[in-house]
Structure formats: C-alpha cells, structure tokens
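Chemist: Structure for this input, please:
(2 chains, ligands or ions: 2)
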Amino acid sequence: MVDSIVDIKTTTKADKVSTNQIKIQVKHFNFYYDTVQALKNIQMDIRMNTVVGIIGPSGCGKSTFLRCFNRMNDTINGIRYEGVIEIDGRNIFDKTLDVVDLRREVGMVFQKSNPFPKSIFENVAYGLKINGIKDQNFIAERVEYSLRGAALWDEVKDRLNKSAFALSGGQQQRLCIARALAVEPEVLLLDEPASALDPIATAKVEELIHELKKKYTILIVTHNMQQAARVSDYTAFFMMGELKEYDVTNKIFTNPKEKITEDYVTGRFG
Amino acid sequence: MKNKNVTQFIGFMFLRLCIVLVIGALCIILYDIFSKGLPAISWEFLTESPKKGMTEGGIWPAIVGTFFVTVITALLSIPLGMGCAIYLNEYAKDGKLTRLIRMSIRNLSGVPSIVYGLFGVVLFVQMMHLDTCILSSGLTLGLMTLPWTITASEEALKSVPQSYRDGSLALGATKWQSIQTNVLPYAVPGMLTGTILGLARAAGETAPILFTGAAFFLPFLPKNWSDQFMALPYHLYIMSTQHHAIAEVRPLAYGTALVLIVLVFLMNLAAIIARYKLRKIRLE
Ligand SMILES: Nc1ncnc2c1ncn2[C@@H]1O[C@H](COP(=O)(O)OP(=O)(O)OP(=O)(O)O)[C@@H](O)[C@H]1O
Ligand SMILES: [Mg+2]
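Modeler: Ligands and ions are numbered 1, 2, ... in the order given. Take a look at the predicted model:
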C-alpha cells in the first residue's frame, strides 16, 4: 500500500523542491519541560514552499517541535531551550523579536481543534480583527476566500452567523485551518489536521495542502504514513525526542538509511 | 443484594431528610417574616422617615442609605476585584508568592465582619480623616467583599478553556487582546454573578457600618458622600435590640426585615438575569 502510493509521485518532485531557497533552519536545538528533555539536538533545514511531514510514535516530541516555531511553548511554565531556529535567517528566539509578529507569520492549527465560541464568520474574521483590520468588505472577502481555501465554504455559506460549535468535528478542524489561513501566514504548522476527518474530508485537506504550498511553507504532523507519503516533499522521523532521519519523502519511504525508520514506516515497529 | 438495596434506601432517606430540614427551616423563617412583616408594609412605611422616636413612620432614609452605601461598595469591589483576579489568573506566574497571595485572599474571606468594621474605623475614619460617613462605610464593606469578588472572578476565569487563549495567541493576538476578546467575554457573566452575591451580603451587614458611618436616627436624607446615613440592617438591629419600646415597634422591625430580604433577593435575581442574558449573547 505504502509503496504503491509513493511510486506514483516518485522522481520529479525531489529535483524540483531542491531548487527552493532555505526558509527555516533549526540548529542544535534542545528543548526541556522542567528537567525532562523533549527534543535532543535537532538539526534541520526546511526549504521554502515545501511540505515537511513529521512522523514518529506518540510522545516522541512532534507537537513540542511544532510549537517551537511559533513559540507557543512559551505559555508553558518551566520550559527551557537551547540552540537556534532561524526563519528567513532571523533567530526566532532573539530578544528583539516580537513574538506577536512571529505568530502572525507562523500560523498554527492545533492537534485538538479549538473553535472559539463565536459564529463561523467571527471565528475566521478573528485574526483579521485583532490585527486591526476594520474594512468590512475586505473581511468578508477574506473570510470567504479562507473558507474556500479550507474546503469548507460550500458547507457553511448559508449559516455563517451560526455558532461554530454546531459544526461537526471535521468541519471544526477545517474551520481552524481557515482561521489560520485568514491572516495569510508564511509558514503553516499543522498538528494532525486530518485526525478527526473522514476519508473525503481528508482528501480535501490534502488537496488543500498541495495548493497551499505554492504560497506557504508547511510543517505537518501526521500519524498516517500514507498521508505523509502523499502530501509531504520531505519527511522527518522523530523518536524519543531525536530526529532519527530527515530526507526527501520518497527516500524515507522507499530506501531509508536507518533500519529503525524502515521498521516504523512499514509498520513493523514495536 | 437485598442488603445493598436497604442500605441505599436508608442513605437516600437520610439525604432527603437533610434537604427537608434545610428547606423547612428556611420556609419557617420566611413565613415568620412575611406574615409579621407584611402588615407593616404600606406606601408611607416605604417613603417616610421614622417618627415619634421611631415608633411610627417609615424607613425611607434607611433604604436610601443602604442603596448609596452599596453603590460605593460596588464601585470599589467590582473593578478592583476583577482586576486582581485577572492579574492573578492571567499574568502572575504560578510561583510561591502567587500561591501565598491567593491563600491569604481565601483566608481574608473568612474574617468576621466586625473585624473589618474596626479596621475601617482605624483606616478610613481615623487615619484618612474621612470621618464617619457613607464613604467610610462603603469602603469598609468594599474591603470586606473584595476576597469574595476576587475568588469568584478567578473561578470564572479558570472556567474559560486554555485553548481559547492559545488559539488567539497563535493568530498573533497580544496577551491583552486575547484576554479582552477571547477570555473576558466568557468569564464576565460568572464574575458578575459572584460579585453581585457578595454585594447582596454586604448590603445586609451591620458590623462594618456600625462604627464607620451608620447613624441611629437622622431626620434628613444623606446628600453627600461625607454624610452619615441610616441603613436597613442597622435600623433593624436598633429596632429589635436597642429601642426603648421594643415590643411596640416589633411590627416595624419585621417590616424592615422584610424589605431587607426582598432587596437582597432582588439583587440575587439581578445576578441570575445578568448571567442568563450574557450567556445568551456569547452563544449567538
Ligand atoms: N506541557 C507539558 N509539560 C510537561 N511535559 C510535556 C508537556 N507536553 C508534552 N510533554 C512531554 O513531552 C513529550 C513529547 O510530547 P509531544 O506532545 O510533543 O508528543 P507528540 O509526538 O506530539 O505525541 P502525540 O503523537 O501523541 O501527539 C512527551 O513525553 C510528553 O509527556
Ligand atoms: Mg502531538
């Protein structure tokens, strides 16, 4: 199953993506929750307009890693990190950097979908409003554009003013994607965006990711190997806080360097 | 099997008895006050001053005094209490100091009201030279209600899921924007309910206003924050324990008690309505 999917999209892609310039660099990065080290000496270059799939067993630090890029871990007490993460050559932990600006540029969809208790429209418009946009026409346009982008528009266009809580779990997840798209970030962090979706909605989200990478650089955590193979250009395999292997997706799924990677992606793991 | 059911039956009976006892006692008190207080209620009773050594006339000055003193209590305790709660719950790092402060606040809410009364005399009346007046009493009651307001407000803030805060921060909101737009709207109903309940209790307190501004009898209405005032709970206290003809004024005392109870009840009702209205808005 895995192999056949990978085969379809072999060769061409790897050459194409490698011409893109580097958007994000992670250098000797360590992360600690109090005394527990959750990420160990991570090194990683991420090219612009590519999709990086992040895979690995539960608890290996995928979410922790993702939350470093928009510094959402800062809200947790007792965390500590060492090393550097550069976006466009700028260290995001630099003291002169405004974390609010960083989060505008690095959008995130959380592992647990978290719509706000507002209307569907207000959910998507939220990011625009807090960023000081008042032009109602512009907001309405952008809301439609984002909802279309998240493949949700047709399902909700007649009830934009209804509560977001009335949506199904999968619709809520896509609403959260739309909400992140509305502020037009440069980097998108997706933490298992399709974990609550049915196959059709999953296909829509994957299609969406393909579309989005023309404009954004995307990091996506997934537990679904086929999905990682389908949507990502590069794949990073994490285990117990270490980056075991990071390469072109095709390579990871067909000819990984490490034995453990092969065991994991073929499901022989544990 | 049988045994278990018997135990359950006894257990439920006991719980039922508890609730019957509590409600029964409450009903007896209410019945007593309503049956003896209602005959005293009349338009004159509500709108006139006490007359002839308080053996006749009404309680209008006491109603006015209680109203004004409660307004001052609210002006002090609502903004300050909510502000403290927001700081403690949203900004303060969860360290030893924060925990100590929080524990002190919880303990303060158990301090007897007479202690607040004495404290008010020293702080407001003597040290700040405000003298005995509505302002001193209102501030004293405000201090007394602060621990309740802070605790209730903090509980309300805690009930807002962390994901609302994270979600808005991740969209580039500042911490204050996230609190303002995505936390407070959902916490304010709970904050208000707790606060109004605190105010209702303050409105019925005697000890804190006893030395700080409440007067035995005044022939005029308070016109200024620096005037002394009459208050319902204090008036009730005088009528039922200090008056020279206690038996004679008993009906008037019951009437006062009834008015006070209705007032407190109305405030609680307002809290419930405010909560209901605000909750509806947020779900739209
Ligand atoms: N707030 C926290 N405080 C302390 N430890 C944490 C915290 N969040 C995560 N951890 C620990 O850090 C490690 C990595 O967690 P993380 O959530 O990043 O895993 P994950 O790879 O995303 O797992 P999953 O696939 O189940 O989502 C785990 O051992 C977890 O227990
Ligand atoms: Mg995770």
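
Chemist: Do you have the helices of the stretch 151-270 of chain A handy? List them.
Modeler: For the stretch 151-270 of chain A, the helices defined by DSSP state H, counting those that start in this stretch cover A:153-156, A:169-182, A:199-212, A:225-231, A:249-254, A:259-265.

Chemist: quick one: which of those helices is nearest B:Ile179?
Modeler: B:Ile179 sits nearest to helix A:169-182 of all those, at 18.6 Å, using Cβ to Cβ. (Glycine included, C-beta is placed from N, CA and C.)

Chemist: Give me the helices and strands touching the closest one, please.
Modeler: Judged by 3 or more Cβ pairs under 8 Å, 6 or more residues apart in numbering or on different chains; DSSP states H and E, helix A:169-182 is in contact with strand A:106-109, helix A:120-130, helix A:136-149, helix A:153-156, strand A:187-191, helix A:199-212, helix B:162-170.

Chemist: Report the contact partners of B:Val188.
Modeler: Applying Cβ atoms under 8 Å, 6 or more residues apart in numbering or on different chains, we find B:Val188 in contact with B:156, B:278.

Chemist: tell me the domain ranges of chain B?
Modeler: Chain B breaks down by automatic domain parsing into domains covering B:2-40, B:43-283.

Chemist: between those domains, which gets nearest to A:Ile252?
Modeler: The nearest among the domains of chain B, by Cβ to Cβ, is domain B:43-283 at 28.4 Å.

Chemist: what about that closest one, average pLDDT?
Modeler: Average pLDDT, domain B:43-283: 89.

Chemist: And stretch A:230-241, by the same measure?
Modeler: 93.

Chemist: First-to-last residue distance for that stretch?
Modeler: 24 Å (Cα to Cα, to the nearest Å).

Chemist: Buried residues, that stretch. List them.
Modeler: Neighbour counts using 16 or more other Cβ atoms under 10 Å in any protein chain shown place A:230-239, A:241 of stretch A:230-241 among the buried residues.

Chemist: From those residues, which land in strands?
Modeler: Filtering the buried residues of stretch A:230-241 for membership in strands, criterion DSSP state E, returns A:234-239.

Chemist: and A:Val26, what helix or strand is that in?
Modeler: Using DSSP states H and E, A:Val26 maps to strand A:22-33.

Chemist: Show me what that strand pairs with in its sheet, parallel or antiparallel.
Modeler: In the sheet, strand A:22-33 lines up against strand A:36-47 (antiparallel), strand A:79-87 (antiparallel) (DSSP bridges).

Chemist: Minimum distance to ligand 1: which of those has it?
Modeler: Closest to ligand 1 of the strands paired with strand A:22-33, according to Cβ to the nearest ligand atom: strand A:36-47, at 4.0 Å.

Chemist: Contacts (any at all) between ligand 1 and that closest one?
Modeler: Yes: for strand A:36-47, a contact with ligand 1 is found by Cβ under 6 Å from any ligand atom, at A:36, A:38.

Chemist: How about residues contacting that strand?
Modeler: A:17-18, A:20-32, A:52, A:61, A:64-65, A:68, A:81, A:83, A:217, A:219, A:233-234, A:236, A:240-243, A:246.

Chemist: Quick one, which of the residues you listed are buried?
Modeler: Buried members of those, counted by 16+ other Cβ under 10 Å: A:17, A:23-26, A:29, A:31-32, A:52, A:61, A:64-65, A:68, A:81, A:83, A:217, A:219, A:233-234, A:236, A:241, A:243, A:246.
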